[in-house]
Every structure is written in C-alpha cells, then in structure tokens.
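J.: My questions are about this predicted structure, shown below with the sequence.
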Amino acid sequence: MIRLKKNTNIQPNPTCRENVIAKMADAMREMAFAGESVSPDTLAYHGFTRDVVEKFGESAVALARRLSVRQVANHA
C-alpha cells in the first residue's frame, strides 16, 4: 500500500521585495569582490533604479554583509 507523508518543511515563496533585495545584495557582493565601488550610480549599471536603491539599499547592504562574512572554526 502506498502511503503519502505530508511535507511539513514547506517554505513559502519569496516575495518580490525579498527577490529584489537578494539580487541587489548579490550585485553588491560581485562588485565589491571585483574591486568596484558600490554606489547608486554603479548599481544603475546592474539594472537597479535610484528609487529601488533608495527603498531597498539598506536591507541589501545588510544581507550582503551577512552573506560575505566567513566564520572559521577554532581547532585549537
């Protein structure tokens, strides 16, 4: 007999806001690792308008910093 188990770990789809913030954070990280300065003008080259940068920029900066931090385990 086939039994179906309900998946309880279903994550909701990200919102448009979360998608924009994640894309902007990725663009910021790529620019920073390439040695480019990150500003509203340089983000415009990556397809973000000044209004979008103004609205979601701080959240994207926080996410980019969180994703860029590497933790090294202490083996001592």
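T.: Looks like it came in fine.
J.: For the most centrally placed residue in the chain, pull up the helix or strand it's in.
T.: Centre of the chain computed as the mean C-alpha position; nearest residue by Cα atoms, centre = their mean is Ala22, 2.7 Å away. Using DSSP states H and E, the element containing Ala22 is helix 16-33.
J.: downstream neighbour of that helix in the secondary structure list?
T.: Next element after helix 16-33 (DSSP H and E): helix 40-44.
J.: Could you list the buried residues of that following helix?
T.: Leu43 (16 or more other Cβ atoms under 10 Å). C-beta here means a position set from N, CA and C on the backbone, and glycine is covered the same way.
J.: can you offset everything so residue one is 827?
T.: Noted, 827 is the first residue going forward, which turns the last one into helix 866-870.
J.: average pLDDT across that helix?
T.: What helix 866-870 shows for mean pLDDT is 94.
J.: circling back to that earlier point, for the helix holding Ala848, give me every contacting residue.
T.: 840, 863-864, 868-869, 872, 874, 878-879, 882-883, 885-887, 889-890, 893-894 (Cβ atoms under 8 Å, 6 or more residues apart in numbering).
J.: I'd like to know which of those are buried.
T.: 864, 869, 874, 878-879, 882-883, 885-886, 889-890.
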